[in-house]
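Q: I need the structure of the sequence given here:
(one chain, ligands or ions: 1)
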Amino acid sequence: MTPSVPATTSTPTSVRPLLDVRRIYLEPAAAALPRGQQVLQRWPEAELVEVASHWQIPELHGDQANVDRWVRIKTEALVLGVKKSLSARPNGRSADFIAPSTANGCAMACAYCYVPRRKGYSNPVTTFANIEQISGYLSRHIARQGPKPEPNQCDPEAWVYDIGENSDCSVDALVCDNVADLVALFRERPSAKASFATKYVNRDLLDWDPRGRTRIRFSLMPPAMAKLTDVRTSPVAERIAAIDDFVAAGYEVHVNFSPVIVTDGWLDQWSDLLSELHDGIGAAARRQLAAEVIFLTHNEQLHEVNLGWHPRAEEVLWRPDLQEPKRSQNGATNVRYRSGAKRRYVDELEGLIRRQLPSCRIRYAF
Ligand code: SF4
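A: Numbering: from 1, shown residues only. Purely as a prediction, here's the structure:
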């Protein structure tokens, strides 16, 4: 019997605000920069703790057993650092390049999130204060590419840079102006486009005048599943309701159908979600809509940690009866849906999208 998702679920979601910063861990070099000063002035009452490196703060990142404190740490702690190595990594799937991060970590707590994989599992937001260096690097990288020679799945015309690989930019924008600065940078770059996925509706972004050079990808999944697994995020209905407003404000808005989690009745739930999306957006949004479809991958270490704080999510995420191991690039063992069955799941969901949202281009599905 496949576990199904109950219509109403209780999660460890807290009603606390996403950020209520009480303690800022800072590298002195970051605090000396104007962007560092902006962050410190935003929370003048916060206790300041000097650290040698944003990578090594054991009380934040090392104690995986202390899962009860996760949400509190995500709410109350912030790290201010300097991004040392700058590179734009070729990608070719969602974006042409992964831009150097202006932040990592997240105040939200999705049970399947891979973002904490390098620092450890509470992983609150780290903001990088050397935005001028990062912007300068990006500008030079964009200039070196010249015009895009031919269309690809990332974009027909522009070089696409993912600016949110290790964080959620809509939340980062609550901390400082790093994301606003990048949106302003891409506004003036006709050969390039910024892109980020988000599960948080931050309406401050509506005032940023992106002029079509920033793509926001609202991540969507059936609401009952999101309620179970997308801890601390904006409700799915709120994300859908924001799409028209972001299109009107000058963003290109796409959707990420991700992660797709297979349970009893999953296709029916996706069909309901697609109807809600179709009915919830206007003609302008529908014309420019495209989707990425990404099925769940999970990993044993995260599964073990999650059992300590959110075992109900693991009932749908950890499914040895449906999944098989897959060795990832960094040597960790992940699991994904078994390949033959997965091909069928992908085909079924793609068919549903084509029928229910015929104008929505599927940029890729895997
Ligand atoms: S919103 Fe994104 S980065 Fe934040 S916890 Fe969820 S999956 Fe991770």
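Q: what ranges do the strands span in the stretch 51-200 of the chain?
A: Counting by DSSP state E, counting those that start in this stretch, the stretch 51-200 of the chain has strands at residues 77-81, 89-90, 97-98, 103-104, 109-110, 126-128, 159-162, 192-198.
Q: now swap in the stretch 251-366 of the chain and tell me
A: Using DSSP E, counting those that start in this stretch, the strands of the stretch 251-366 of the chain run over 252-260, 290-295, 297-299, 323-327, 333-337, 361-365.
Q: for those strands, which one sits closest to residue 212?
A: Checking the strands of the stretch 251-366 of the chain against residue 212 by CB to CB gives strand 252-260 as the closest, at 5.8 Å. Where C-beta positions appear, they are placed from N, C-alpha and C, glycine not excepted.
Q: quick one: contacts of that closest one?
A: 112, 193, 197, 212, 214-221, 243, 246-247, 266, 270, 277, 285, 288-297, 345, 349, 353, 360, 363 (CB atoms under 8 Å, 6 or more residues apart in numbering).
Q: Any of those buried? List them.
A: Neighbour counting over these (16 or more other CB atoms under 10 Å) leaves 112, 193, 197, 214-221, 243, 246-247, 266, 270, 277, 285, 288-297, 345, 349, 353, 360, 363 as the buried ones.
Q: Could you tell me the least trusted of the strands of the stretch 51-200 of the chain?
A: Among the strands of the stretch 51-200 of the chain, strand 109-110 has the lowest mean pLDDT, at a mean of 92.
Q: Quickly run through the sheet partners of it, with directions.
A: Strand 109-110 pairs in its sheet with strand 230-231 (antiparallel), by DSSP bridges.
Q: So which elements touch the next helix or strand after the partner strand?
A: Next in sequence after strand 230-231, counting helices and strands by DSSP states H and E, comes helix 236-248. When contacts are defined as 3 or more CB pairs under 8 Å, 6 or more residues apart in numbering; DSSP states H and E, helix 236-248 sits against strand 214-220, helix 223-229, strand 252-260, helix 266-280, helix 283-288.
Q: For the ligand, see how far away the nearest residue to residue 295 once chain neighbours are set aside is.
A: Once flanking residues are discounted, residue 295 sits nearest to residue 260: 4.6 Å by CB to CB, 6 or more residues apart in numbering. Relative to the ligand, residue 260 is positioned 14 Å away (CB to the nearest ligand atom, to the nearest Å).
Q: One more: residue 231?
A: Taken as CB to the nearest ligand atom, the span from residue 231 to the ligand is 8 Å.
Q: surely that residue meets residue 111?
A: Yes: counting by CB atoms under 8 Å, residue 111 is a contact partner of residue 231 at 6.5 Å.
Q: can I get the helices and strands packed on helix 236-248 in TSV with mean pLDDT and distance to residue 54?
A: Converted to TSV, the helices and strands packed on helix 236-248 look like this (pLDDT from 0 to 100; distance: least, CB to CB, whole Å):
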stretch	mean pLDDT	distance to residue 54
strand 214-220	98	26
helix 223-229	97	28
strand 252-260	98	27
helix 266-280	98	37
helix 283-288	97	37
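Q: Residue 73 is nearest to which of these?
A: Nearest to residue 73 among the helices and strands packed on helix 236-248 is helix 223-229 (19.7 Å), distances taken as CB to CB.
Q: elements contacting that closest one?
A: Where contact means 3+ CB pairs under 8 Å, 6+ apart, helix 223-229 is packed against helix 236-248, helix 266-280, helix 311-317.
Q: ok, that helix near the ligand or not?
A: No: legend: contact between helix 223-229 and the ligand by CB under 6 Å from any ligand atom is lacking; minimum distance shown is 9.1 Å.
Q: export that helix as CSV, just CAs?
A: Below are the C-alpha coordinates for helix 223-229, written out as CSV (Å, rounded to 0.1, in the frame of the first residue of the first chain):
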residue,chain,number,x,y,z
PRO,A,223,-1.0,21.9,-1.6
ALA,A,224,-1.5,19.0,0.8
MET,A,225,2.0,17.7,-0.1
ALA,A,226,3.4,21.2,0.3
LYS,A,227,1.8,21.6,3.7
LEU,A,228,3.5,18.4,4.8
THR,A,229,7.0,18.9,3.3
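Q: Point out where the stretch 201-350 of the chain drops to low pLDDT.
A: Low-confidence segments of the stretch 201-350 of the chain, defined by pLDDT under 70: 329-330.
Q: Around the ligand, pick out the residues from it.
A: Within the stretch 201-350 of the chain, the positions near the ligand by CB under 6 Å from any ligand atom are residue 233.
Q: Tell me which residue in the stretch 201-350 of the chain sits closest to the ligand.
A: Distances between the stretch 201-350 of the chain and the ligand by CB to the nearest ligand atom are smallest at residue 233, namely 5.8 Å.
Q: show me what contacts the residue nearest to that residue when sequence neighbours are not counted?
A: If the residues on either side of it in the chain are set aside, residue 233 comes closest to residue 199, at 3.9 Å by CB to CB, 6+ apart. By CB under 8 Å, 6+ apart, the residues touching residue 199 are 108, 110, 168, 170, 218, 219, 230, 233, 234, 239.
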